[in-house]
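Participant: need a structure here:
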Amino acid sequence: MVSHRYLGIILLIVFALGGCSSTRFVDYGEGYSAKKHKKPPANKTVVYHTVGKGDTLFSIAWEYGYDYRQVASWNGITKPYTIFPGQKLKVRPAVKSKNAKSVTNNKKKKPRVTQDKKTKSTGHKKNPKATRISWRWPARGTIIASFKSGDPARQGIDISGKLGQPVYAAATGKVVYSGNGLRGYGNLVIIKHDETYFSAYAHNNKIFVKENEVVKSGQRIADMGNSGTDRVMLHFEIRRNGRPSNPLKYLPKKGS
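Facilitator: Numbers count the residues shown, from 1 in each chain. Below is the predicted model of the structure:
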């Protein structure tokens with residue numbers, strides 16, 4: 001009885017920590033055996049994703065935190081980025097073995113470090129509004145959860161509100177996903193604003209836009225709801241080159 005009670009507590013903790021992160025089944029690649037390993041080896045991170053009904057290249061890339069162009073390149077997919085249910089897609093590049101040349105690994109690692117330093121020195125994070133996108137708030141309400149870098153459950157902000165309250169497009173763009181296939185997001189809309197920036201609107205009650213539809217900034221795209229969560233709210237994300245970015249660094253200050 002005691003063990004069952006603790007098992008229940010553990011499961012509750014796991015689901016609570018899941019938040020908006022993905023828990024979709026994936027293939028860890030050849031050589032991995034669930035019977036022999038309690039968790040995937042460090043050098044066998046997620047490699048493949050089996051396409052399900054309603055999936056798009058954009059939603060899959062969003063789920064794993066990569067730029068859609070990277071996922072397309074890894075799988076030899078070209079425009080218009082058509083994928084099919086049951087198709088197996090690589091969602092993370094294969095890890096080089098220890099026998100691979102260290103020079104090659106260094107070449108791959110250095111650009112990332114250099115890019116991060118350059119981003120800080122140019123002040124992009126401090127002034128993301130330097131982009132041509134004019135952002136606006138997607139809904140009225142109080143922020144009840146803020147962005148936290150590296151936390152899969154806090155990749156955006158949560159805005160409280162009432163059931164049926166309007167949800168607006170935060171900027172002009174094209175709808176690249178409209179559905180409920182991403183676990184933890186409920187009824188979700190993803191908008192592509194340009195080749196760099198995307199925004200997402202989760203937990204909606206109703207969605208009024210379809211995939212490939214062009215929407216204008218301030219257009220009502222959904223009604224606020226509690227799909228995929230335990231309270232009425234809007235979970236809002238902005239991603240730059242596939243990576244989560246703090247929406248508050250882009251949105252205008254309230255009252256301005």
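
Participant: what about the strands in the stretch 51-200 of the chain?
Facilitator: If DSSP state E, counting those that start in this stretch is used as the criterion, the strands of the stretch 51-200 of the chain fall at 88-90, 143-145, 157-160, 166-168, 173-179, 187-192, 197-207.

Participant: In JSON lines, list the ones you listed along with mean neighbour count and distance to residue 252.
Facilitator: Yep, even glycine has a C-beta here, placed from its N, CA and C like the rest. Below are the strands of the stretch 51-200 of the chain laid out as JSON lines (neighbours: other Cβ atoms under 10 Å; distance: least, Cβ to Cβ, whole Å):
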{"stretch": "strand 88-90", "mean neighbour count": "17", "distance to residue 252": "37"}
{"stretch": "strand 143-145", "mean neighbour count": "14", "distance to residue 252": "14"}
{"stretch": "strand 157-160", "mean neighbour count": "21", "distance to residue 252": "14"}
{"stretch": "strand 166-168", "mean neighbour count": "21", "distance to residue 252": "13"}
{"stretch": "strand 173-179", "mean neighbour count": "20", "distance to residue 252": "17"}
{"stretch": "strand 187-192", "mean neighbour count": "24", "distance to residue 252": "18"}
{"stretch": "strand 197-207", "mean neighbour count": "23", "distance to residue 252": "15"}
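
Participant: Dump those strands to TSV, plus distance to residue 75 and mean pLDDT.
Facilitator: Listed next are the strands of the stretch 51-200 of the chain as TSV, based on distance: least, Cβ to Cβ, whole Å; pLDDT from 0 to 100:
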stretch	distance to residue 75	mean pLDDT
strand 88-90	5	86
strand 143-145	34	95
strand 157-160	32	97
strand 166-168	32	98
strand 173-179	17	94
strand 187-192	19	96
strand 197-207	19	97
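
Participant: Including distance to residue 246, could the ones you listed go into a markdown table?
Facilitator: A markdown table is the format used below for the strands of the stretch 51-200 of the chain (distance: least, Cβ to Cβ, whole Å):
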| stretch | distance to residue 246 |
| --- | --- |
| strand 88-90 | 29 |
| strand 143-145 | 12 |
| strand 157-160 | 8 |
| strand 166-168 | 20 |
| strand 173-179 | 19 |
| strand 187-192 | 18 |
| strand 197-207 | 13 |
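
Participant: Relative to residue 135, which of those is closest?
Facilitator: strand 197-207 (8.4 Å; Cβ to Cβ).

Participant: if we can go back for a sec, between the strands of the stretch 51-200 of the chain, which one is nearest to residue 136?
Facilitator: Relative to residue 136, the nearest member of the strands of the stretch 51-200 of the chain by Cβ to Cβ is strand 166-168, separated by 7.0 Å.

Participant: What helices and strands are in contact with that closest one?
Facilitator: For strand 166-168, the contact count by 3 or more Cβ pairs under 8 Å, 6 or more residues apart in numbering; DSSP states H and E identifies strand 220-224 as packing neighbours.

Participant: average pLDDT for the strand it packs on?
Facilitator: Across strand 220-224, the average pLDDT comes to 98.

Participant: Alpha carbons only: can I get it in CSV?
Facilitator: Written as CSV, here are the backbone C-alpha positions of strand 220-224 (Å, rounded to 0.1, in the frame of the first residue of the first chain):
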residue,chain,number,x,y,z
ARG,A,220,-9.2,37.7,-33.4
ILE,A,221,-7.8,34.2,-33.9
ALA,A,222,-9.3,32.4,-31.0
ASP,A,223,-11.3,32.5,-27.8
MET,A,224,-9.5,31.9,-24.5
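
Participant: Name the spans of the stretch 101-250 of the chain whose pLDDT lies under the cut-off.
Facilitator: 101-131 (pLDDT under 70).
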